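Participant: I need the structure of the sequence given here:
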Amino acid sequence: MLSSYADLSGKSAVVTGGSRGIGARTARMLAAQGVRVCVIGRDKNALDDVVAEISAAGGTAIGAVADVTSAAELAAARDQVETEFGRVDILAAFAGGMGYPTPISELTEQFWRRVLDSDLTSVFLTVQAFLPGLLAQGSGSIITMASAAGRQPSQANLAYGVANAGVVMLTRHLATEVGPRGIRVNALAPSSILTEKVAANMPEAVQQQVAAAHPLRRLGLPEDVAEAALFLASDASSYLSGITIDVAGGRITN
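Facilitator: Presented below is the predicted three-dimensional model:
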């Protein structure tokens with residue numbers, strides 16, 4: 001059942017990684033709350049599909065094609081959003097996801113740098129692009145996407161774990177710095193989420209094994225993460241900042 005947050009209606013949001021998976025689901029659920037949404041990603045066709053679906057359901061959405069590891073492309077996307085919506089109230093930095101298992105002995109310098117750019121530098125650049133507008137208006141909610149792999153060692157590759165641990169610290173540091181300016185910053189750390197990509201690449205038997213390793217005995221769904229994002233975007237979490245929520249079916253850190 002979709003939660004309802006009346007205070008979100010009329011606000012504007014940016015969701016990076018918004019063309020598929022958790023980002024797309026979050027964009028749809030924000031739009032259902034009356035939020036004007038800009039989805040950012042590299043695949044124009046996929047972005048167009050998300051925008052069309054939101055529009056067909058009566059919501060307001062636009063798409064902006066950008067590589068979130070490029071400051072210049074993010075700046076162009078920001079200009080587009082501010083022209084269309086006037087302001088941004090919610091920033092969901094959700095792009096990333098290069099966590100597939102790779103032994104440390106097989107990690108190359110190129111791969112290491114690529115993962116850190118994709119999963120950590122992208123968050124920094126996204127925040128850097130949109131933060132001036134949030135500071136100018138003296139309000140806003142920033143939600144970053146970390147991972148359970150950044151909370152404790154996992155089967156994901158080392159670079160991914162390090163990058164997402166960095167997202168957690170980026171979130172805490174930023175929350176401390178911009179809190180006095182009226183901006184809240186929080187992170188989500190999902191565990192095993194059954195996105196389209198996971199469903200296509202993880203055999204059913206493996207899905208069952210992974211689900212059994214979680215106390216709630218199931219894989220998470222994109223809407224599980226999106227629900228947590230809506231809570232952090234809304235006034236219901238108005239006294240929460242600098243935290244990381246483990247959306248992990250009971251597999252949480254100490």
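
Participant: Walking through this protein, point out its strands one by one.
Facilitator: Assigned by DSSP state E, the chain shows strands spanning 12-16, 36-41, 61-65, 90-93, 140-145, 183-190, 244-247.

Participant: Check the gap between the residue lying closest to residue 73 once chain neighbours are set aside and residue 129 for me.
Facilitator: Leaving aside its chain neighbours, residue 73 sits nearest to residue 66 (4.0 Å; criterion: CB to CB, 6 or more residues apart in numbering). (Glycine included, C-beta is placed from N, CA and C.) Using CB to CB, to the nearest Å, one obtains 9 Å as the distance from residue 66 to residue 129.

Participant: Those two - which one has more neighbours?
Facilitator: residue 129 (26 against 23; other CB atoms under 10 Å).

Participant: wait, what's in contact with the more buried one?
Facilitator: 71, 74, 75, 77, 78 (CB atoms under 8 Å, 6 or more residues apart in numbering).

Participant: Give me the neighbour count for residue 139.
Facilitator: Summarising burial for residue 139: neighbours were counted as other CB under 10 Å, giving 14.

Participant: who touches it in this structure?
Facilitator: Applying CB under 8 Å, 6+ apart, the residues contacting residue 139 are 89, 182, 183.

Participant: which among these end up buried?
Facilitator: Using 16 or more other CB atoms under 10 Å as the burial test, these include 89, 183 as buried.

Participant: Could you single out the nearest of the contacts of residue 139 to residue 107?
Facilitator: Of all the contacts of residue 139, residue 183 has the smallest distance to residue 107: 35.4 Å, by CB to CB.

Participant: now the helices for the protein?
Facilitator: For the chain, the helices defined by DSSP state H occupy 21-32, 44-56, 71-85, 109-116, 122-137, 158-178, 196-201, 204-212, 222-233.

Participant: Would you tell me which one of those is buried the most?
Facilitator: Each of those was scored by mean neighbour count; the highest is helix 21-32, a mean of 25, by mean count of other CB atoms under 10 Å.

Participant: name the helices or strands packed onto it?
Facilitator: When contacts are defined as 3 or more CB pairs under 8 Å, 6 or more residues apart in numbering; DSSP states H and E, helix 21-32 sits against strand 12-16, strand 36-41, helix 44-56, strand 90-93, helix 222-233.
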